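Engineer: predicted structure and sequence below. I'll ask about it afterward.
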Amino acid sequence: MSNSPVSILGIETSCDETSAAVVADGCHVLSSVVAGQDELHSKFGGVVPEIASRAHIERINPVIAQALDRAGVNPSDLAAIAVSNRPGLIGSLLIGVTAAKTLAWAWDKPLIDIDHVQAHIYAACLDADFPLPFPAVALVVSGGHTSLYFCQGPLDVIELGSTADDAAGEAFDKVAAILKLGYPGGPLIDKLSSRGNPQAVNFPRSWLSKESLGFSFSGIKTSVLYHVRGQNAQAKNVHLDAATKADIAASFQQAVVDVLVGKTMLALKQRSTDRVILGGGVCANTSLRAAIQRACEQAGTQLFLAPVRYCTDNAAMVAGLAYHKLQANQIADLSLTAHT
């Protein structure tokens, strides 16, 4: 019986990161290559789908080659090819799916399809020295998704609630645009908030109904807009000094973090579990990480945070989760397509 590691090549192109990675046995990251596109989209204040797709076409082959080279593996060493095929920008997803299908056919390897959001949950298991943290409540917070899940295993995931409008990361980007900070907005607001007073402005917290595990962030985005430009946002050329911008950013961030943490702790009570997983791009936010750490410590709950390097979109989380699908013989065929 062979003791060789089960190495999987993962491919991720769901939005504007072109990524490939090789992961052994579901947790040991041998390589992780991510080619971002911020410089292509920053002048537009958000991701332009057609530009993203064209960039993926240009970068996908070099990124895959680099991932294999860094891992020191050949195609013959791979157990499978995995790709995120949902959800995301359809044009972007199709680039990754086409590449994965081509390699699976050419190298005669199993093809494994991965849900991008579920992969964000699994990111907490990468490079970890602990057993799989299930069952658990998982919060995924990113530019496109803000959702709570109950996970009884890496492949047994039930959605408990999601956003009815803007995702948290999207709200960060829009508020950064209102404050004229630049793009992407999340890291810029996080940095600016460290110099501001989170109690300076009492922005609303949208809790929805008492027991709801859903989210809504469009209201707070509008509140920031009205606070800066006046009622109905009539003032167009408002000048804010640095201190005022910092206070607004910190107060907005605190309001979002309060809701994210509060809903997560409510889900814990409803599901009677003592484990929390946090993943997604906004998981890198320092205020969110600190707040959920405090809440879990006070509740006697174990917290499993995705490492910051695996918070934003990456193929390591895709390849890691694919290991468990391979073990369960959940294999896709070459008719695989992408879904938004």
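Structural biologist: That came through, no problem. Numbers count the residues shown, from 1 in each chain.
Engineer: does Cys217 really touch Asp258, like I thought?
Structural biologist: Just so we're on the same page, residue 217 is Phe rather than Cys. No - assessed by C-beta atoms under 8 Å, Phe217 is found out of contact with Asp258, at 12.0 Å. (C-beta placed from N, C-alpha, C; glycine too.)
Engineer: who's more crowded, those two?
Structural biologist: Counted by other C-beta atoms under 10 Å, Phe217 and Asp258 do not tie: Phe217 has more neighbours, with 25 against 15.
Engineer: need the pLDDT of that one.
Structural biologist: Looking at Phe217, its pLDDT stands at 95.
Engineer: how is this protein carved up into domains?
Structural biologist: If you go by automatic domain parsing, the domain ranges for the chain are 7-127+313-327, 136-306.
Engineer: from the chain's centroid, how far away is the shortest one?
Structural biologist: In this case it means domain 7-127+313-327. Its chain's average C-alpha position is 14 Å from that of domain 7-127+313-327, according to C-alpha atoms, centre = their mean, to the nearest Å.
Engineer: please apply the same query to the last one.
Structural biologist: Centroid displacement of domain 136-306 relative to its chain, using C-alpha atoms, centre = their mean, is 13 Å.
Engineer: which residues in the stretch 201-340 of the chain form helices?
Structural biologist: 218-229, 242-271, 286-299, 316-327 (DSSP state H, counting those that start in this stretch).
Engineer: wait, which of these is closest to Val33?
Structural biologist: Smallest distance to Val33 across those (C-beta to C-beta): 9.4 Å, for helix 316-327.
Engineer: packing partners of that closest one?
Structural biologist: For helix 316-327, the packing partners by 3 or more C-beta pairs under 8 Å, 6 or more residues apart in numbering; DSSP states H and E come out as strand 7-12, strand 18-24, strand 28-35, strand 78-86, strand 111-115, helix 116-122.
Engineer: and that helix with strand 111-115, angle?
Structural biologist: If you take axes from the mean of the first three to the mean of the last three C-alpha atoms, to 10 degrees, helix 316-327 sits at 120 degrees to strand 111-115.
Engineer: so what touches helix 316-327?
Structural biologist: The contact list for helix 316-327, computed with C-beta atoms under 8 Å, 6 or more residues apart in numbering, reads 6, 8-12, 19, 21-23, 25-27, 29, 32, 79-80, 82-84, 110, 112, 114, 116, 118-120, 122-123, 125-126, 153-155, 279, 306, 310, 331.
Engineer: start to end distance for stretch 201-215?
Structural biologist: Terminal residues of stretch 201-215 lie 21 Å apart, using C-alpha to C-alpha, to the nearest Å.
Engineer: I'd like the numbering to begin with 18 instead of 1 from here.
Structural biologist: Sure thing, new numbering starts at 18, so read that last one as stretch 218-232.
Engineer: if we can go back for a sec, out of the contacts of helix 333-344, which are buried?
Structural biologist: When these are checked for burial by 16 or more other C-beta atoms under 10 Å, the buried set is 23, 25-29, 36, 38-40, 43-44, 46, 49, 96-97, 99-101, 127, 129, 131, 133, 135-137, 139-140, 142-143, 171-172, 296, 323, 327.
Engineer: any idea which residue is closest to the centre of this protein?
Structural biologist: When C-alpha atoms, centre = their mean is applied to the chain, the residue found nearest the centroid is Gly297 (2.5 Å).
Engineer: excluding residues flanking it in the chain, which one is nearest that one?
Structural biologist: Spatially, and ignoring its direct neighbours in sequence, Gly297 is nearest to Ser159 (3.8 Å; C-beta to C-beta, 6 or more residues apart in numbering).
Engineer: next: Ser24.
Structural biologist: Ala41 (4.8 Å).
Engineer: against Ala181, how distant is that neighbour?
Structural biologist: 40 Å (C-beta to C-beta, to the nearest Å).
Engineer: the two: who's more crowded?
Structural biologist: Set side by side, Ala41 and Ala181 show more neighbours around Ala41, with 20 against 14, by other C-beta under 10 Å.
Engineer: buried stuff in stretch 58-71?
Structural biologist: Buried residues in stretch 58-71 (16+ other C-beta under 10 Å): 58, 64-65, 69-71.
Engineer: got a list of contacts for that stretch?
Structural biologist: 32-33, 54, 57, 106-109, 111-112, 190, 194, 199-201.
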